[in-house]
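Colleague: No letters, just coordinates:
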């Protein structure tokens with residue numbers, strides 16, 4: 001199973017897309033989809049990218065909110081969702097770490113995602129954030145086309161990020177994040193006669209965050225809005241081929257309505273919208289690849305779908321979540337994630353808990369699929385542990 005997974009990743013990332021379909025594929029404008037000529041059913045047309053591990057939600061809090069987190073209250077995992085939130089935090093120094101088992105349901109115990117993130121505030125206006133994301137695919141045996149063992153390896157990928165966030169007004173902040181990304185899936189091996197090498201990339205995130213107070217029905221409330229453009233960077237290849245693949249460029253917009261019913265009970269209603277900033281694949285006798293720059297791809301992604309506006313809307317993922325806090329110490333969370341059936345078909349419910357005690361915090365999340373699409377996190381508990389190092393002098 002693990003060898004199959006690695007092979008599939010390699011075949012995709014080195015750009016072997018030819019001869020996907022043996023028959024001519026037609027587009028049905030009425031259904032806004034490509035149609036399988038043998039069954040007359042709509043074909044999936046998912047937007048794909050290299051390095052998909054960059055889009056995996058790395059923390060348990062956001063994971064329990066249906067993968068929403070762009071506009072939730074600041075925490076160390078803001079580095080993934082929206083680094084601009086860090087400048088609005090009322091804490092001075094926080095760290096968190098998360099361990100996520102991957103494909104646990106298949107009995108694979110050595111594939112996991114580890115995430116370490118945190119931030120420091122210099123003063124009331126500025127903050128610097130940092131994170132390390134490490135994705136291990138475990139130990140595998142490499143095999144050639146004849147299933148002969150050609151060696152063993154430990155494929156892995158990692159990302160190192162640093163962000164600068166600053167308040168621009170009392171209610172508005174922005175951030176710029178720089179990233180170095182490294183991916184080694186099968187260096188030194190050959191697939192279909194093609195030598196595999198490591199891939200490296202540099203990328204950036206641009207983030208904005210807005211926070212204001214409201215009075216709703218006599219309750220003290222707050223509205224948070226956020227926007228992030230993430231993973232804008234160079235295209236990569238695992239071979240000497242001139243054809244390269246895009247990073248998972250993404251536009252995220254989120255909102256969060258926080259309502260304090262009294263001094264002990266607080267509830268937040270959260271929603272995120274995410275759209276890949278990549279061209280829609282054009283399917284024919286083979287998949288045609290867009291050969292422009294990452295910026296060109298991002299601009300094209302809003303108006304290139306063959307189905308026009310209807311298909312563009314299908315390419316938006318929706319996350320909704322609810323978070324309840326009692327006395328800022330105990331939290332209950334739930335969420336839902338939806339992706340259109342022709343654009344990936346990920347649909348699942350999420351639940352979770354949070355606990356804060358003194359300077360320590362812990363979050364737990366669990367995922368429940370709502371359709372027949374298998375998820376790598378089916379039946380898996382994710383844990384995030386956090387520490388708050390804020391000094392009393394800073395709070396005062």
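Modeller: Cool, got the structure. Computed from a prediction, not measured in an experiment: that's the story for all the values here.
Colleague: Got phi/psi on residue 320?
Modeller: Reported as degrees, to the nearest 10, the phi and psi values for residue 320 are phi -130, psi 150.
Colleague: I'd say it and residue 268 touch.
Modeller: No - using C-beta atoms under 8 Å, residue 320 is not in contact with residue 268, being 11.3 Å away. (C-beta placed from N, C-alpha, C; glycine too.)
Colleague: Compare the two and say which is more crowded by neighbours.
Modeller: Relative neighbour count places residue 268 above the other of residue 320 and residue 268, with 24 against 17, counting by other C-beta atoms under 10 Å.
Colleague: Could you say which helix or strand holds the more buried one?
Modeller: Assigned by DSSP states H and E, residue 268 belongs to strand 265-276.
Colleague: For this structure, just list every one of the helices.
Modeller: 2-13, 60-63, 78-81, 294-300, 308-314, 392-395 (DSSP state H).
Colleague: contacting residues for the residue most central in space within the chain?
Modeller: Centroid-nearest residue in the chain, with C-alpha atoms, centre = their mean: residue 55, separated by 2.4 Å. Neighbour list for residue 55: 231, 248, 250 [criterion: C-beta atoms under 8 Å, 6 or more residues apart in numbering].
Colleague: Can you give me the neighbour number for the closest residue to residue 335 other than its chain neighbours?
Modeller: Spatial nearest neighbour of residue 335, excluding adjacent residues (C-beta to C-beta, 6 or more residues apart in numbering): residue 66 at 2.7 Å. Residues lying near residue 66 (other C-beta under 10 Å) number 28.
Colleague: Give the full set of residues in contact with residue 66.
Modeller: Residue 66 makes contact with 272, 319, 320, 321, 335, 336, 337, 348, 349, 350 under the criterion C-beta under 8 Å, 6+ apart.
Colleague: how much space between the first one and residue 278?
Modeller: Summarising the geometry, the distance separating residue 272 from residue 278, computed by C-beta to C-beta, to the nearest Å, is 18 Å.
Colleague: okay, those two: which has more neighbours?
Modeller: Legend: neighbour count by other C-beta under 10 Å for residue 272 and residue 278, higher for residue 272 (29 against 23).
Colleague: any idea how far that one is from residue 55?
Modeller: According to C-beta to C-beta, residue 272 and residue 55 sit 13 Å apart.
Colleague: and if you look at residue 186?
Modeller: For residue 186, the distance to residue 55 - C-beta to C-beta - is 22 Å.
Colleague: try residue 332
Modeller: Where residue 55 is concerned, residue 332 sits at a distance of 26 Å (C-beta to C-beta).
Colleague: cool, and residue 123?
Modeller: For residue 123, the distance to residue 55 - C-beta to C-beta - is 33 Å.
Colleague: Pick out the least confidently modelled helix or strand of the chain, by mean pLDDT.
Modeller: Sorting the helices and strands of the chain by mean pLDDT, DSSP states H and E puts helix 2-13 at the bottom, at a mean of 48.
Colleague: quick one, what contacts the closest residue to residue 127 other than its chain neighbours?
Modeller: What sits nearest to residue 127 in space, not counting adjacent residues and going by C-beta to C-beta, 6+ apart, is residue 86, at 4.0 Å. Shown in contact with residue 86 (C-beta under 8 Å, 6+ apart): 74, 78, 79, 119, 121, 127, 129, 163, 165, 175.
Colleague: Just the buried ones from these, in PyMOL syntax?
Modeller: Here is the PyMOL command that selects the buried residues among those (16 or more other C-beta atoms under 10 Å):
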select buried, resi 74+78+79+119+121+127+129+163+165+175
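Colleague: Nearest to residue 153, out of the contacts of residue 86: which one, please.
Modeller: Closest approach between these and residue 153, by C-beta to C-beta: residue 79, at 29.1 Å.
Colleague: thinking again about what came up before, now do the residue nearest to the centre of the chain, the pLDDT please.
Modeller: At residue 55, the model reports a pLDDT of 94.
Colleague: ditto for residue 381
Modeller: The per-residue pLDDT reported for residue 381 equals 88.
Colleague: before we move on, what about the one 5 residues further on?
Modeller: With respect to pLDDT, residue 386 has a value of 94.
Colleague: what's the answer for residue 305, then?
Modeller: Residue 305 carries a pLDDT value of 89.
Colleague: what's the answer for the one 3 residues further on, then?
Modeller: At residue 308 the predicted local confidence, pLDDT, stands at 90.
Colleague: who's in contact with the nearest residue to it once chain neighbours are set aside?
Modeller: Closest residue to residue 308 apart from its sequence neighbours, by C-beta to C-beta, 6+ apart: residue 32 at 7.4 Å. By C-beta under 8 Å, 6+ apart, the residues touching residue 32 are 306, 307, 308, 310, 311, 314.
Colleague: rerun that using 7 Å as the cut-off
Modeller: Contacts for residue 32 (C-beta atoms under 7 Å, 6 or more residues apart in numbering) come out as 307, 310, 311.
Colleague: List phi and psi for it.
Modeller: Backbone dihedrals for residue 32, given as degrees, to the nearest 10, come out at phi 60, psi 50.
Colleague: Return the distance of it relative to residue 311.
Modeller: Distance from residue 32 to residue 311, counting by C-beta to C-beta: 5 Å.
Colleague: so what sits against both of those two?
Modeller: Applying C-beta under 7 Å, 6+ apart, one finds that no residue jointly contacts residue 32 and residue 311.
Colleague: ok, which stretches of the stretch 151-300 of the chain are strands?
Modeller: Using DSSP state E, counting those that start in this stretch, the strands of the stretch 151-300 of the chain run over 156-167, 172-184, 190-191, 194-195, 199-216, 219-233, 250-260, 265-276, 282-283, 287-288.
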